[in-house]
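okay, here's the prediction I keep looking at, along with the sequence it came from:
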Amino acid sequence: QKFVYDFTEGNKDLKGLLGGKGANLAEMTNLGLPVPPGFTITSEACKVYLATGTEPAALRDEVSAHLDALESAMGKKLGQADDPLLVSVRSGAKFSMPGMMDTVLNIGLSDKSVAGLAKQSGDERFAWDSYRRLIQMFGKTVLGVDGDHFEEALEDAKRAKKAATDIDLDAADLKKLVKQFKKIVTRDAGRDFPQDPREQMDLAIRSVFESWNTDRAKLYRRQERIPGDLGTAVNICSMVFGNLGPDSGTGVAFTRDPASGHQGVYGDYLQNAQGEDVVAGIRNTVPLADLETIDKKSYDRLMQIMEILETHYRDLCDIEFTIERGELWMLQTRVGKRTAGAAFRIATQLVDQGLIDEAEALQRVNGAQLAQLMFPRFDDGAKAELLGRGIAASPGAAVGKAVFDSYTAVKWSRSGERVILIRRETNPDDLDGMLAAEGILTSRGGKTSHAAVVARGMGKTCVCGAEELEVDTKRRRMTVGKTVIEEGDLVSVDGSTGKVYLGEVPVVPSPVVEYFEGRMHAGADDADELVEAVHRMMAYADRRRRLRVRANADNAEDALRARRFGAQGIGLCRTEHMFLGERRAMVERLILADTDDERDQALKTLLPLQKKDFVELFEAMDGLPVTVRLLDPPLHEFLPDITELSVRVALAESREDHNENDLRLLQAVHKLHEQNPMLGLRGVRLGLVIPGLFAMQVRAIAEAAAERKHAKGDPRAEIMIPLVGTVQELEIVRDEAEQVIAEVRKATGIDLRLSLGTMIELPRAALTAGQIAEAAEFFSFGTNDLTQTVWGFSRDDVEASFFTAYLEKGIFGVSPFETIDMDGVGALVRSACEAGRKTRPDLKLGICGEHGGDPESVHFFHQVGLDYVSCSPFRIPVARLEAGRAAA
Ligand code: PEP
Ligand code: MG
């Protein structure tokens, strides 16, 4: 096994082994770009170190061989007294973890070689400043000395000199400072600062290995879902100096604007400075364009290199560079991060430039980015006072009055106030408050904290871990610096950026939603560039995808919106949603009916209402399939709350005020009460137990379809039976339904074609799918209930109770109710598809659980070979895009 690669040996595809930085340095080296020579120690070496506590045996010799080669290439030795080679030792993992791990610059300087550097550079101040920086960085990161001690000594030196910045310190001052720094090291590290350059290098390498497992690095990885066992590579690179005078400097550049995607000159430059100075913001940078006047030759060369990189990587690249006395050096490049909007624009721009094709363009964006672009957002132009910034945990723009406990959140929202629930962190007791709030803000916790997980599940805006906020729940207020926010003060929370503002920031609708709604058009003169790009990417996706996309919708309004968003039908109409509000009483009567007569009466009043619902729905979706699911939830959901009713009855009794109705109702509620309603009397079981219920619904569907046909419409109704576990259940319901349909056909004289199928949402249904397909023309996977029953997780409870712990322990990286569990639930879906199609080759297959709108899950359903996914209207563009990406 080889642990060290020269920059000339690697390439950009070796990120796993050489880390992102090392792989790209190698790629640039091989492109003939000016990269200071160096080599990379692999992440495999780091893994060995982390597992065993020592470097792999072969590493030292390999490093020596590469160092020898580097020294002969540079014509000087590491730390050589009269003309030292200096190197940087930098971490670089497969996935970028900005600022999380260690870097040490200027390795090779010592009491002896500092003089050599002074002589060679002709700049004594520079040499001592470099040495001062080495001791400081090395002391802090490698030897674990508290960095404040160095900072304080530096401040003292500046104060003594009445110097404004460290530039004002001269060589003599810095010499004194070096002495002091070395004393601090000896005192706090229990050893002297190492004078042997190789020892410096070896210790720095080890410290980079160890920095993989610092608490903050671990936390960052958990938040960003980066695996913990990858390890980091280490890059040893010969130093070039941007701080050798006005003809030197350092900068960052982008090959195009990471916010808009526009081509042009984007970046910052800092004259006479080293990389950390830019990051630390010590002095003000100038726009990169100014480099043209400062150093035309380097500027022209940089433009040329950016062009080479963009064409080579066929994507936006970001770059770090240094100019040493008029000579340009590339220190880093990578495919750059960008905003969601820029991702869409850049993808289409690159297609126009002929750099990538449509299929590749689809790989450059994703559904999560599209979803982000569809949230309303705060008006960019509005003036707003920034209070602080936390982790963007759940997107959206929320405005409301600050409240600091759940009880107040619920109380205020009931009286019509919009509230933002602010807590240090949330726990399951806060659930009601979270539901009532427009948005949630916490000062502790990361992307997998309770607040973040639950808010995402609810689709609520959430910012968490905003550390600057001091939340004082007892006194019902929070302080940020000098600002105090009392209960009732307005705050605005941006879940897409993590920013928190004081007061009400105006919210504007997303132009992308305006486009999908048909209120903004691509191709129009004033069309937004972003809308234009989204329009084109959607076309690329639609041309490629094999999955059809339907909507979960149960009224005409949702259906019409879904259609505008590109739905190709309704995959799930939950008829229970049609029995809410005033109609609840009618269902109550149906449930409580003592005689056949009473029941028939109740069904008769429901029939015309149901029929009207369906007529509207079939009209809205004319020409497209509409899957209507017969009643599913446990009946008690239609009855009054058992506790409230008991109290009412008890109170009446105590007043000797007998209410026959309430008493009867209470008896019925008791009778229907279930310990596990989700596993109780629901779905097909209801249809089998309550005579006439499913028949009434089927009749309403059939009559509505007949009416639409009569009106020259094209209704395409599909009847779906929920919670089937065995084919026998389905057969009984099917026979009854066919009879009803035949009656309607006869009565109306209209040739009705209604297909009948089932949900597959119980493990037994999936396992006996071959038999069930005998009686079903289509399957629709109910992955919500299937996940619930396969895992034995109550879908209503677990996300708020123990999922945070599960996520933190890494048992799963994401809730199985959000992204389909491919190994378990997914395996059942796959085998049920195969068994079903074996019985009935033309069996239609779809999915209507929440997973239908989840990007990763959509890819899985594409692979399994479903015909369609069905999701909420708002997720339809996301599902279309992901279905296209899956097929591209
Ligand atoms: C499901 O179980 O996945 C489903 C779509 O049905 P519901 O969510 O209504 O139970
Ligand atoms: Mg279900």
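Arrived safely, thanks for sending. Residues are numbered from 1 along each chain as shown. Ligands and ions are numbered 1, 2, ... in the order given.

list the buried ones in stretch 602-613?
Ala602, Leu603, Leu606, Leu607, Gln610, Lys611, Asp613 (16 or more other Cβ atoms under 10 Å). Every residue, glycine included, has its C-beta placed from N, CA and C.

in helices only, show me these.
Per DSSP state H, helices hold the following members of those: Ala602, Leu603, Leu606, Leu607, Gln610, Lys611, Asp613.

tell me the pLDDT at the second one?
In other words, Leu603. With respect to pLDDT, Leu603 has a value of 94.

just give me the neighbour total for the residue nearest to it when sequence neighbours are not counted.
Using Cβ to Cβ, 6 or more residues apart in numbering and skipping residues adjacent in sequence, the residue nearest Leu603 is Met696, 4.5 Å away. Using other Cβ atoms under 10 Å, Met696 is surrounded by 22 other residues.

mind checking what helix or strand follows the helix or strand of the chain with the lowest mean pLDDT in sequence?
Within the chain, confidence by mean pLDDT, DSSP states H and E is lowest for helix 275-280 among all helices and strands, at a mean of 64. Per DSSP states H and E, the first helix or strand lying C-terminal to helix 275-280 is strand 286-287.

that following strand pairs with which strands?
In the sheet, strand 286-287 lines up against strand 263-271 (antiparallel) (DSSP bridges).

in the strand it pairs with, what's buried?
For strand 263-271, by 16+ other Cβ under 10 Å, it's Gln263, Val265, Tyr266, Gly267, Asp268, Tyr269, Leu270, Gln271.

ok, and which of those residues reach ligand 2?
Applying Cβ under 5 Å from the ion, the subset of the buried residues of strand 263-271 adjacent to ligand 2 is empty.

was I right about Val869 contacting Ile847?
Yes. Contact criterion Cβ atoms under 8 Å: Val869 and Ile847 qualify, at 5.4 Å.

who touches both of those two?
Residues touching both Val869 and Ile847 (Cβ atoms under 8 Å, 6 or more residues apart in numbering): Gly571, Phe861.

give me the distance between the most far-flung residue of the chain relative to its centre and Leu756.
Relative to the C-alpha centroid of the chain, counting by Cα atoms, centre = their mean, Glu656 is the outermost residue, at 59.2 Å. Separation of Glu656 from Leu756 (Cβ to Cβ, to the nearest Å): 54 Å.

contacts for stretch 252-267, please.
Residues outside stretch 252-267 that contact it (Cβ under 8 Å, 6+ apart): 251, 268, 278, 287-289, 302-303, 306-307, 309-310, 316-321, 336-339, 341-342, 345-346, 349, 529.

in three-state terms, label the residue of the stretch 401-550 of the chain found nearest ligand 2 for me.
Residue nearest to ligand 2 within the stretch 401-550 of the chain: Arg550 (16.1 Å; Cβ to the ion). Look at Arg550: counting by DSSP: H, G, I helix; E, B strand; the rest coil, its state is strand.

residues from this protein in reach of ligand 1?
Within the chain, the residues that sit near ligand 1 (Cβ under 6 Å from any ligand atom) are Leu572, Arg574, Asp632, Glu761, Gly782, Thr783, Asn784, Asp785, Cys848, Gly849.

could you restrict the residues you listed to the ones contacting ligand 2?
Contacts with ligand 2 are made by Glu761, Gly782, Asp785 out of these, judged by Cβ under 5 Å from the ion.

helix, strand or coil for the residue farthest from the centre of the chain?
Applying three-state DSSP: Glu656 is coil.

look up phi and psi at it.
Phi and psi for Glu656, reported as degrees, to the nearest 10, are phi 50, psi 40.

same question for Gly498.
phi 90, psi 0.
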